[in-house]
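Trainee: need a 3D model of the following:
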Amino acid sequence: METVYDWITVAIFGGLVVLFLHRSVGEQEPNDTILHYLPPAVGCAIANYVGNHGQGPISALIVVAVLIYIVLVLKPFGGLKL
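Mentor: Residues are numbered from 1 along each chain as shown. Below is the predicted model:
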């Protein structure tokens, strides 16, 4: 854990883990499967790798894409109320 990319991607991944565990022990049947968590997890790994190799702007775009995926697909806050 030496760079800002390490901290950001690990924090997002940690949030994914908490969301998955929270939903897996909930009273309701989860609307998602473990496969829904694969794209953002892989995205975090790629963003970290790219950022650690001097491509900060590309890493930032990947992180934003991961966050958008999490909000739109996994709906951690019950979905957007537009």
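Trainee: would you mark the buried spots in the helix or strand encompassing residue 69?
Mentor: Secondary structure assignment for residue 69, by DSSP states H and E: helix 56-69. By neighbour count on 16 or more other C-beta atoms under 10 Å, the buried set for helix 56-69 is 59, 62, 63, 66. Any C-beta I mention is one placed from the backbone N, CA and C, and that applies to glycine too.
Trainee: let me know the pLDDT of the first one.
Mentor: Read it as residue 59. According to the prediction, residue 59 has pLDDT 97.
Trainee: now the third one
Mentor: In this prediction, residue 63 carries a pLDDT score of 98.
Trainee: before we move on, what SS does the closest residue to it other than its chain neighbours have?
Mentor: Once flanking residues are discounted, residue 63 sits nearest to residue 47: 4.9 Å by C-beta to C-beta, 6 or more residues apart in numbering. Secondary structure, DSSP: H, G, I helix; E, B strand; the rest coil: residue 47 is helix.
Trainee: distance of the residue nearest the centre of the chain from residue 32?
Mentor: Nearest to the mean C-alpha position of the chain, by C-alpha atoms, centre = their mean, lies residue 40 at 4.3 Å. Distance, residue 40 to residue 32, using C-beta to C-beta, to the nearest Å: 11 Å.
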